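**Student:** take a look and give me a structure for this.
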Amino acid sequence: MPIAALAIGAGVGTAVLSGHAGAETTDVVRSGAVEDSYSSSSRPTYNFGSSDTLVAGRQGGDTMVTYLKFTVADPGRNVKVKGAQVTLTRESRAFPSALTLSRVADTAWTEKALSAKNDPKIGAVVSTVKPANGATSVTFDVSPVVKGAGTYTFAVTSTVANSPARFRSAEAATGQPALAVTVVRPAATQPVPSKPAESTPPAGGNCTVDAKLVPSCGVLWGAAAGGFSDVPRDEALKTFEQKTGRTSTVYHTYHKGDELFPTKNEIAMSSDPANPRVLMLNWKVGYGTKWANVARGDQDARIDRLSAYIKANYTKKFFMVLHHEPENDVDPAAGSGMTAKDYAAMFRHTALRMKANGVTNAVFVVAYMNYEKWNNASWWGDLYPGDDVVDWVGVDTYNNAQPGGFHYGDFNYLMNRTTDKAKFPGWYTWATTNHPSKPIMVAEWGVYDSSKTVVGKNKAAVYATVLPQLAKLPAIKGLVYFETAKDQNGHDIRMDDTPEALAGFKKIAADPRFDVKL
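**Tutor:** As a prediction, this is how the structure comes out:
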C-alpha cells in the first residue's frame, strides 16, 4: 500500500552509469544466463540442468564441459556496444591454473536436455584466463563476440589434469553466471511530465496466459479497491468495476499471520464465469515475528497450515505476494532479524516450503516500493530473493498530480524516477536490466492530487499519459490500481474523486490491450 512518498539479483548486477548532462553515458548492463549446464564424458546420459553447480575440467578419465547461454536485448537506438565480459563465481575448490572459454554456434540446446551424448560442438577459443591463487571468480573477455542483440552460447573447458573448476550455476542462490555488456548511450534526460507521441495499442481479444499467468500479448488489468475502509473488498471491487466499465482480471487482497486464504468470498470472486478474475493474495507470513525467525523455520507450522488449506480448497493458479513493500520494515542493524538479507531468506524459505508442501498453483511475486530513499540505500540490493523463487518482479508506485509537487510526473516517471542515476537508474530500468526474463507486475499504482484545492484536470492529465507510455514499457504485463479515499498519509487515490479524473481513467480501462483471457 502507498506510503509518503536494488534488488540486485543473485548472479546479476545493475546498470552502472557515468557521464554528465549533455554528454554520452556509459552503462554496464548485466544479465544472467538463460540456460546453463555441464556434460560429463564418464556419465554420458546424465543431465545436470537442475544442479546449482557447473563443472569444467578433467578428473581422472572424466572430461567435463560447462555450457552457458545468454540473451542480449536490443540496447536501443544509437547505443553502441563497447565491450562484454562473462564472469563465473567459484563454488568450491581452487581453480585450475588455466580455463578456456570458447564460442558455441548451436543456440538451440537446453539445460534440461543437455548431456555428453548430445552436447553441442565447441568452436573457436574466445578467451583463456589464468586465475590468481585464491581467486573467487573468473572473468572472460567476450568483446570480440558480443557486438549487439542476440543469443550467445559458450563452453568453458580446462586441460589441467585432476583439477576441475566448480562454478555456481543460475540455480544457485548467489554468484550466478553473469554477462556484463558495456554500452555507450546518447545523452539522456530525466523523465518529466509531457504529452508523449501517440502509439497504437495492440489488438485485444486473442491474448491468453501461460502457466505462470504471463499474458501472450496485452496486459493484465486489476485492482485493489476499498483500501483503508470498512467496505468488504469484494463489494468495493464490484463497485470499482461498475464505475470503470471493466472487470478487474487481477483481484488484489491482503492477509497476515495465521489467516487462512483465499477466503470464501475471494474464491467466489475468482469463480464468477461472467467476470473471470485471478487472485493476487498478499501475505505477511512474518506478522508478529521477524523475517529471520521465519527463515530459520520458526513459523513452519503457519506455512504448513496455509499450504494444507490451499491444497484442500483452491486449485486455480493465483499470484502470491510475500510481504509487499519490505523496504519500510527493514532494520539494517546486524542481528536485528529484519535486515534486507533476512527478508530475502524469509521469502525463499516460505516459497520453497510451500512448493515442497505441494502448493503448485502459486505464482510468486516480489513487490517493492518505488521510493528513492530506499532505492538508493546500500542494502536495497540484498532484498531480492533469487530468480529461482521469484516468478514476477513487482512494484508499488504512486504519483502526485499536483503540478510541481513532490512526486509529480507522468507514467514514465511513475515507473522510472530516480534522484541519482549513478546510485539507482530507475525502477523499470533496474528490473529490465537485471531480470530481463521476468515479467513486471505493477502490483499497486495510483495517482493523488496534493493541491490545496483538488483540480479535476490534474489527475486526468496524468491518466492521459498511461496508454501511450505503457506501450513503450513492454516488460509490464500486469497493471493493478490501488483505490482508497484516504491512505496512511491522507492521499485520495480514488479514480473518481472528480468527473474529469473518472473520464480519464475510463479511457485507460476501455483499451483493448487489457482484453486478456484467463
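**Student:** for this protein, which spans come out with low pLDDT?
**Tutor:** Scanning the chain with the threshold set as pLDDT under 70 gives 1-25, 27, 75-77, 173, 186-205.
**Student:** and Asp258, how close does it get to Ala301?
**Tutor:** Going from Asp258 to Ala301 by C-beta to C-beta, to the nearest Å gives 9 Å. C-betas here are computed from N, CA, C, even on glycine.
**Student:** and for Lys316?
**Tutor:** On the measure of C-beta to C-beta, Lys316 and Ala301 end up 25 Å apart.
**Student:** got a list of what Met320 touches?
**Tutor:** Residues near Met320 by C-beta atoms under 8 Å, 6 or more residues apart in numbering: 281, 283, 351, 354, 362-365.
**Student:** which ones among these are found in helices?
**Tutor:** Those of those mapping onto helices are 351, 354, per DSSP state H.
**Student:** need the buried ones from the contacts of Met320 selected in ChimeraX.
**Tutor:** Typed into ChimeraX, the line below selects the buried ones among the contacts of Met320, using 16 or more other C-beta atoms under 10 Å:
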select :281,283,351,354,362,363,364,365
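**Student:** show me the contacts of Met320 that map onto strands.
**Tutor:** 281, 283, 362-365 (DSSP state E).
**Student:** residues making contact with stretch 414-421?
**Tutor:** 17, 25, 190-191, 370, 372, 375-376, 395, 397-399, 407, 409, 424-429, 442, 445, 473, 476.
**Student:** mark which of these are buried, thanks.
**Tutor:** 17, 25, 191, 370, 372, 375, 395, 397-399, 407, 409, 424-429, 442, 445, 473, 476.
**Student:** Ala116: what's it in contact with?
**Tutor:** Taking C-beta under 8 Å, 6+ apart, one finds 39-41, 43-46 in contact with Ala116.
**Student:** my read is Lys373 is in a helix, agree?
**Tutor:** Yes. Counting by DSSP: H, G, I helix; E, B strand; the rest coil, Lys373 falls inside a helix.
**Student:** in the host helix or strand of Lys507, what's buried?
**Tutor:** Here Lys507 sits within helix 499-509, counting by DSSP states H and E. Within helix 499-509, the residues that count as buried by 16+ other C-beta under 10 Å are 500-502, 504-506, 508-509.
**Student:** now do the contacts for the residue lying closest to Lys82 once chain neighbours are set aside.
**Tutor:** With sequence-adjacent residues excluded and distances taken as C-beta to C-beta, 6 or more residues apart in numbering, Lys82 is closest to Thr182, at 4.4 Å. Thr182 is in contact with 26-29, 81-84, counting by C-beta under 8 Å, 6+ apart.
**Student:** returning to what we had before: turn the contacts of Met320 into a markdown table, including distance to Thr53.
**Tutor:** Shown next, in a markdown table, are the contacts of Met320 (distance: C-beta to C-beta, whole Å):
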| residue | distance to Thr53 |
| --- | --- |
| Leu281 | 34 |
| Trp283 | 32 |
| Ala351 | 21 |
| Met354 | 25 |
| Ala362 | 27 |
| Val363 | 27 |
| Phe364 | 24 |
| Val365 | 28 |
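**Student:** re earlier: more crowded one of Asp258 and Ala301?
**Tutor:** Comparing Asp258 with Ala301 by other C-beta atoms under 10 Å, the one with more neighbours is Asp258, at 13 against 10.
**Student:** any idea how far that one is from His323?
**Tutor:** Going from Asp258 to His323 by C-beta to C-beta gives 15 Å.
**Student:** in the strand ranked longest in the chain, which residues are buried?
**Tutor:** Longest strand in the chain, counting residues (DSSP E): strand 80-92. Applying a neighbour-count criterion of 16+ other C-beta under 10 Å, the buried positions in strand 80-92 are 81, 84-91.
**Student:** closest one of the residues you listed to Thr136?
**Tutor:** Closest to Thr136 out of the buried residues of strand 80-92 is Arg90 (5.0 Å), distances taken as C-beta to C-beta.
**Student:** surely Lys212 forms part of a strand?
**Tutor:** No. Going by three-state DSSP, the assignment for Lys212 is coil, not a strand.
**Student:** residues near it, how many?
**Tutor:** Lys212: 14 neighbours (other C-beta under 10 Å).
**Student:** just Gly405 next, same as before
**Tutor:** Neighbours of Gly405 (other C-beta under 10 Å): 15.
**Student:** quick one: contacts for it?
**Tutor:** 450-451.
**Student:** the spatially most central residue of the chain bridge partners, please.
**Tutor:** By C-alpha atoms, centre = their mean, the chain has its centre lying nearest to Val393, at 2.4 Å. In this entry, Val393 is beta-bridged to Val366, Ile440, by DSSP bridges.
**Student:** any idea how far it lies from Lys438?
**Tutor:** Going from Val393 to Lys438 by C-beta to C-beta gives 5 Å.
**Student:** who touches both of these two?
**Tutor:** Common neighbours of Val393 and Lys438 (C-beta under 8 Å, 6+ apart) are Ala431.
**Student:** how about the contacts made by Lys438?
**Tutor:** Counting by C-beta under 8 Å, 6+ apart, the residues that Lys438 touches are 387, 390-393, 431.
**Student:** how about Trp291?
**Tutor:** Taking C-beta under 8 Å, 6+ apart as the test, what Trp291 contacts is 323, 337-339, 342-343, 345-346.
**Student:** next, give phi and psi for it.
**Tutor:** Phi and psi for Trp291, reported as degrees, to the nearest 10, are phi -60, psi -40.
**Student:** re the thing from before, which of the contacts of Trp291 lies closest to Ser451?
**Tutor:** His323 (33.3 Å).
**Student:** the closest one and Asp304: what is the separation?
**Tutor:** 18 Å.
**Student:** the two - which one has more neighbours?
**Tutor:** Set His323 next to Asp304 and count neighbours by other C-beta under 10 Å: His323 wins out with 21 against 14.
**Student:** which strand residues bridge the residue lying closest to the more buried one once chain neighbours are set aside?
**Tutor:** Leaving aside its sequence neighbours, His323 sits nearest to Lys284 (C-beta to C-beta, 6+ apart; 5.0 Å). Lys284 has these beta-bridge partners by DSSP bridges: Lys256.
**Student:** top of the contacts of Lys438 by neighbour count?
**Tutor:** The residue in these with the most neighbours, by other C-beta under 10 Å, is Val393 (26 neighbours).
**Student:** next, the contact list for Lys243, please.
**Tutor:** 495-496, 502.
**Student:** what would those residues look like in a markdown table with distance to Thr66?
**Tutor:** Shown next, in a markdown table, are the contacts of Lys243 (distance: C-beta to C-beta, whole Å):
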| residue | distance to Thr66 |
| --- | --- |
| Met495 | 52 |
| Asp496 | 57 |
| Leu502 | 57 |
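**Student:** closest to Gly134 out of those?
**Tutor:** Of the contacts of Lys243, the one sitting nearest to Gly134 (C-beta to C-beta) turns out to be Met495, at 58.6 Å.
**Student:** packing partners of the helix or strand harbouring Arg348?
**Tutor:** For Arg348, the host element (DSSP H and E) is helix 340-356. Helices and strands touching helix 340-356, by 3 or more C-beta pairs under 8 Å, 6 or more residues apart in numbering; DSSP states H and E, are helix 291-295, helix 300-313, strand 318-322, strand 362-369.
**Student:** which among these is found nearest to Lys212?
**Tutor:** Between the helices and strands packed on helix 340-356, strand 362-369 lies closest to Lys212; by C-beta to C-beta that is 5.4 Å.
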